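**Q** Okay, here's the prediction I keep looking at, along with the sequence it came from:
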Amino acid sequence: MHMKKRVLCVFDGPRRLWKDDMMLDTAHEVRIPTSADGRSYTTDLDILTMQRAEAVLNATEEEKGPWLDENGVEVVTDNQ
């Protein structure tokens, strides 16, 4: 079994909105060719992951919630 680690971090400027770590078995991935030579591909998981990232980035400020630093303290920005 060959495992592949994938890490997705979604940022809004310096603010990290989301981090997702995944370990996946490559035997079950669906590869979609992106070039005629067949050497370049994307996977079904890559497409779904990008859709999830777009959903997070398209969230409203209220849905994103307050901006917290590493210690859980709310960061005050200029546009508040």
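**A** Thanks, I have the structure now.

**Q** Can you list the helices and strands that the longest helix seen in the chain packs against?
**A** Longest helix in the chain, counting residues (DSSP state H): helix 44-57. The elements that helix 44-57 packs onto, with contact taken as 3 or more Cβ pairs under 8 Å, 6 or more residues apart in numbering; DSSP states H and E, are strand 3-12, strand 15-25. Just so you know, the C-beta spots here come from the backbone N, C-alpha and C atoms, and that holds for glycine as well.

**Q** got any ranges where the chain has weak pLDDT?
**A** The chain contains residues with pLDDT under 70 at 77-80.

**Q** Next, the residues that contact the longest helix of the chain from outside, please.
**A** Helix 44-57 is contacted by residues R6, L8, V10, D12, L17, W18, D20, L24, E29, V30, I32 when judged by Cβ atoms under 8 Å, 6 or more residues apart in numbering.

**Q** R6 is in contact with D25, isn't it?
**A** No - under the criterion of Cβ atoms under 8 Å, R6 makes no contact with D25, lying 11.8 Å away.

**Q** Pick out whichever of those two has more residues nearby.
**A** Of the pair R6 and D25, R6 is the one with more neighbours under other Cβ atoms under 10 Å, namely 13 against 10.

**Q** Look up which residues are beta-bridged to the more buried one.
**A** Per DSSP bridges, the residues bridged to R6 are M22.

**Q** For it, which residues are in contact?
**A** D21, M22, M23, L24, L45, T49.

**Q** any idea how far F11 lies from H2?
**A** 30 Å (Cβ to Cβ, to the nearest Å).

**Q** out of these two, which sits in the more crowded spot?
**A** Neighbour count, other Cβ under 10 Å: between F11 and H2, F11 has more, with 13 against 7.

**Q** what sits opposite the more buried one in the beta ladder?
**A** With DSSP bridges as the criterion, F11 is bridged to R16.

**Q** Same list as before, the helices and strands packed on helix 44-57 that is, but in a markdown table and with distance to E74 included.
**A** A markdown table is the format used below for the helices and strands packed on helix 44-57 (distance: least, Cβ to Cβ, whole Å):
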| stretch | distance to E74 |
| --- | --- |
| strand 3-12 | 15 |
| strand 15-25 | 12 |
